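Peer 1: Prediction below, plus the sequence it came from.
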Amino acid sequence: MDKVKLPVHKHSLLPFTRFSLGLCEGCRSRGYIYEGYRCNESRCDTLFHKECAESLPEINHPSHPDHPLKLAPVSNYNPSFCGLCRALFMVGYFCSICDFKLDLGCAKGPGVPLLVPEVSNVHEHPLKLLVKAQYNGDIRSACKLCGITLFGTTHYYTCCQCELLFHTDCVEFVTEAYHSSHPRHPLKFLTCESLDYADKECLLCGMEFHERVHHCDVCNVSICSQCVRTPPPLVVESPKTHEHGLHLVPRRMDFTCNACGTQGARSPYFCLQCNFMIHRECIDLPRLININRHDHRISYTRRLGHGNLKCGVCRKKVDGFYGGYSCSKCSNYYVVHARCATRKDVWDMVELEGTPEEEEIPPFEVIDDNTIKHFSHHHNLSISKDGQTLHESTLCQACVLQISSETFYGCNQCDFTLHQKCANLPRKKRHACHNQPFKLQTKFLDSASKCVLCNKMFTGFRYESDSDMILDVRCASMSEPFVHKSHQHPLYYCITDKFKRCSHCGNLEKSIFSCDDESCDFNLDYKCAGLPQKVMKHRYDDHPLILSCGESNVDGEYWCEACETKVNPRKWFYTCNNCGITLHISCIVGDFSYTLAGSELSWGEKVVPNTSICRVLCSACNVRCKLPSILQVYKTGVFFYMCSSRCRYSRKI
């Protein structure tokens, strides 16, 4: 359906027929919203009930009977306090004659409520009905009956003796009532303690019960207060999902959803004519979307087809007889489970059906076969392909690594250099760590930032999202499948609620590369995955130093050329294939190795080269700094030097 412009929101809104669990931006009530409106703009996942989005332009309300109230367009309205509940709101009604304002939640209510002296069916003490403005406690607390927060609620009951809060709907439920999803017998409003034999989850939505439940003891059916207040429709018409009407089957039953291919355990929607069964969450799945695991758009198809298919997000098998997402541009048939593709950490929540694809802006203009004009630099850059080895202090301005013998672009008018691969970095890209796209930023090349993946301070180019998440170009360029010589299988990005331990350094991380082979328990964090494979010239050796990921057959002892202590040959280290010398990783790559010399980390803290014959003594650990880049700290008129972030934060100066 086409977007519509309504006065309740600053962006155009997209009608939908799916079930969305969230907070209505209009009345501020939380729960399942069916057949409402949502904002389709990036980073504005706003939901509205249909009646809230289509609020009348003018109403008469009992809370302000003298004058009519007009709906204020959100673009013309500043945040105000509701005259009834005193809640801060963005869109609502106002009186053009006096200074009275009303939010949409109160506009749907009956007006100023009277104090009710006693309600006896839910609590042992008398309850009072209050407007939010009359309560001085924390309205973020949960309702004692249904367990759902009262945030956004305009009227509620409270017990002055127990300091408990209750939704008005929960309190005013009659002790027995029929429900559209269970019309055979009335549902009784009971405590959970009295139903030790019953299912602990709602028949309709699967939500776990808290204090009280609506229950039929004849059929052993339990429904939560949320679904009693706003029951799901018995019939859903969604042509995008299915050509026929879908009927609710309100019962516990095992089934396989035709839309996503996963198992369900309760209350599907069903088409008897086609033997089609679907989760209610899978009704009206988006047709065309972008996800953070793939460079192209992916589209939903009702049947993926035959083949040995594996999901591009979870890496598990995809059953092609059911619906899912696929890429029409990739020759290797990239597919994703419907549930994986629409996860909030994977999808940016923007539906692209009917939206033309953005034209990719190249990072440079080709002047001739050997010259380009890169958007980051004001001079033309010339290519060098002859394997020229530059001085070790010449670094790529994008990744801040040595140019070594790789093909690079250089400026003939200044010392600006770029690896050829860095010159080709896309100006906009997606990464598995965030559902929003990243933009390549090249301003303030000497301004230090911290990468959220490897936790290293760095300068040079960076990728930044609209939510200020920052990646260095090394981490941003690591894509799936990630191949590293330390492991025989490809690695894939993994983010979990629990920490995983890096198989090399032992650090615990939530964002990590993992092997999806069930026989392997191998993980690699971004700090270790991004270690340079080759370091060209170094103060300890004129030959290239190669990263070694451990040796199984060890003969003799290994010693570090820098710190003159033992090197564990079964761990990672750097070695020279010509001379055979070995060095610890920490003696080659430090906390300031990705920061250009002269860059300031903060006021009075500057990264400086450590290339003199006599190495500087660290002011914190009192050891000679062996790394090529160290931190100079100016304090109380004296310069101090730090060799690592640990020393920087040790507070010993």
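Peer 2: Received the coordinates, thanks. The model shown is predicted, which means the values in this text are computed figures rather than measured ones.
Peer 1: Phi and psi next, for residue 646.
Peer 2: Backbone torsions for residue 646, taken as degrees, to the nearest 10, come to phi -60, psi -40.
Peer 1: quick one: contacts for it?
Peer 2: Residue 646 makes contacts with 591, 620, as judged by Cβ atoms under 8 Å, 6 or more residues apart in numbering. Every residue, glycine included, has its C-beta placed from N, CA and C.
Peer 1: ok, it to residue 485 distance?
Peer 2: As for residue 646, its distance to residue 485 is 29 Å (criterion: Cβ to Cβ, to the nearest Å).
Peer 1: Next: residue 259.
Peer 2: Counting by Cβ to Cβ - residue 259 and residue 485 are separated by 42 Å.
Peer 1: of the two, who's got more company?
Peer 2: Under the criterion of other Cβ atoms under 10 Å, the comparison of residue 259 against residue 485 puts residue 259 first, with 24 against 9.
Peer 1: Tell me how many other residues surround the residue nearest to the more buried one when sequence neighbours are not counted.
Peer 2: Computed as Cβ to Cβ, 6 or more residues apart in numbering, the closest residue to residue 259 that is not its neighbour in sequence is residue 282, at 3.9 Å. As a burial measure, residue 282 scores 23 neighbours (other Cβ under 10 Å).
Peer 1: List the contacts of residue 282.
Peer 2: 241, 257, 259, 260, 323, 338.
Peer 1: residue contacts, residue 44?
Peer 2: residue 11.
Peer 1: State the phi and psi torsions of residue 367.
Peer 2: Torsion angles at residue 367 (phi, psi; degrees, to the nearest 10) stand at phi -90, psi -50.
Peer 1: Over to residue 647?
Peer 2: Per-residue torsions, residue 647: phi -70, psi -30 (degrees, to the nearest 10).
Peer 1: got it, and residue 192?
Peer 2: phi -70, psi -30.
Peer 1: With adjacent residues omitted, what lies nearest to it?
Peer 2: Closest residue to residue 192 apart from its sequence neighbours, by Cβ to Cβ, 6+ apart: residue 209 at 5.2 Å.
Peer 1: Is that neighbour in contact with residue 196, as I believe?
Peer 2: No: counting by Cβ atoms under 8 Å, residue 196 is not a contact partner of residue 209; they are 11.9 Å apart.
Peer 1: and the two? which has more neighbours close in?
Peer 2: The neighbour count for residue 209 versus residue 196, taken as other Cβ under 10 Å, is higher for residue 209 (22 against 7).
Peer 1: residues contacting the closest residue to residue 370 other than its chain neighbours?
Peer 2: Spatial nearest neighbour of residue 370, excluding adjacent residues (Cβ to Cβ, 6+ apart): residue 383 at 5.1 Å. Listed by Cβ under 8 Å, 6+ apart, the contact set of residue 383 reads 370, 371, 372, 407, 408, 409, 420.
Peer 1: do the same with residue 313
Peer 2: 291, 293, 336, 337, 340, 341, 343, 346.
Peer 1: Tell me how many other residues surround the nearest residue in space to the last one that is not next to it in sequence.
Peer 2: Put plainly, it is residue 346. Distances taken as Cβ to Cβ, 6+ apart put residue 291 closest to residue 346, at 5.0 Å, once the chain neighbours are dropped. Around residue 291 there are 25 other residues, counting by other Cβ under 10 Å.
Peer 1: which stretches of the stretch 301-450 of the chain have low pLDDT?
Peer 2: Along the stretch 301-450 of the chain, the model assigns pLDDT under 70 to residues 387-390, 392.
Peer 1: re the thing from before, which of the contacts of residue 282 count as buried?
Peer 2: Using 16 or more other Cβ atoms under 10 Å as the burial test, the contacts of residue 282 include 241, 257, 259, 260, 323, 338 as buried.
Peer 1: Let's have those residues in JSON lines, adding distance to residue 191 and secondary structure.
Peer 2: Shown next, in JSON lines, are the buried ones among the contacts of residue 282 (distance: Cβ to Cβ, whole Å; DSSP: H, G, I helix; E, B strand; the rest coil):
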{"residue": "241", "distance to residue 191": "38", "secondary structure": "coil"}
{"residue": "257", "distance to residue 191": "34", "secondary structure": "coil"}
{"residue": "259", "distance to residue 191": "37", "secondary structure": "coil"}
{"residue": "260", "distance to residue 191": "36", "secondary structure": "coil"}
{"residue": "323", "distance to residue 191": "41", "secondary structure": "coil"}
{"residue": "338", "distance to residue 191": "38", "secondary structure": "helix"}
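Peer 1: so after the worst-scoring helix or strand of the chain on mean pLDDT, what's the next helix or strand?
Peer 2: Lowest by mean pLDDT, DSSP states H and E among the helices and strands of the chain is helix 168-172, with a mean of 69. Under the assignment DSSP states H and E, the closest C-terminal helix or strand after helix 168-172 is strand 176-179.
Peer 1: what helices or strands is the next helix or strand after that following strand leaning on?
Peer 2: Once strand 176-179 ends, the next helix or strand along the chain (criterion: DSSP H and E) is strand 182-191. Here strand 182-191 touches strand 176-179, strand 212-216, strand 221-223, going by 3 or more Cβ pairs under 8 Å, 6 or more residues apart in numbering; DSSP states H and E.
Peer 1: out of everything not next to it in sequence, what's closest to the residue positioned nearest the centre of the chain?
Peer 2: With distances taken as Cα atoms, centre = their mean, the residue of the chain nearest its centroid is residue 345 (3.9 Å). Using Cβ to Cβ, 6+ apart and skipping residues adjacent in sequence, the residue nearest residue 345 is residue 435, 5.7 Å away.
Peer 1: For stretch 50-62, report the contacting residues that lie outside it.
Peer 2: Applying Cβ under 8 Å, 6+ apart, the contact partners of stretch 50-62 are 6-9, 13, 24-27, 35-37, 68-71, 93, 102, 104, 107-108, 110-112.
Peer 1: same question, stretch 593-610
Peer 2: Identification of contacts with stretch 593-610 by Cβ under 8 Å, 6+ apart yields 393, 395, 399-401, 445-448, 456-460, 472, 474, 592, 616, 625-635, 648.
Peer 1: what about that stretch, average pLDDT?
Peer 2: For stretch 593-610, mean pLDDT is 88.
Peer 1: tell me how far the ends of it are from each other?
Peer 2: In stretch 593-610, first residue to last residue: 11 Å (Cα to Cα, to the nearest Å).
Peer 1: Which of the residues in that stretch are classified as buried?
Peer 2: For stretch 593-610, a neighbour-count test (16+ other Cβ under 10 Å) marks 593, 594, 595, 596, 597, 599, 601, 605, 606, 607, 608, 610 as buried.
Peer 1: ok, so of these, who is nearest residue 217?
Peer 2: Within these, distances to residue 217 taken as Cβ to Cβ reach their minimum at residue 594, with 66.5 Å.
Peer 1: Spit out the contact partners of the residue nearest to the closest one when sequence neighbours are not counted.
Peer 2: Nearest residue to residue 594, sequence neighbours excluded (Cβ to Cβ, 6+ apart): residue 458, at 4.0 Å. Residue 458 sits next to 400, 448, 449, 450, 451, 472, 594, 595 when contact means Cβ under 8 Å, 6+ apart.
Peer 1: give the contact list for the closest residue in space to the third one that isn't next to it in sequence.
Peer 2: This means residue 449. Leaving aside its sequence neighbours, residue 449 sits nearest to residue 470 (Cβ to Cβ, 6+ apart; 5.0 Å). Residue 470 sits next to 449, 450, 451, 452, 462, 463, 464 when contact means Cβ under 8 Å, 6+ apart.
Peer 1: and which of those is nearest to residue 577?
Peer 2: Each of the contacts of residue 470 was scored against residue 577 by Cβ to Cβ, and residue 451 proved nearest at 30.4 Å.
Peer 1: Hmm, residue 473 and the closest one touching each other?
Peer 2: No: counting by Cβ under 8 Å, residue 451 stays clear of residue 473, with 9.4 Å between them.
Peer 1: got any residues that touch both of those two?
Peer 2: Taking Cβ under 8 Å, 6+ apart as the criterion, residue 451 and residue 473 both touch residue 462.
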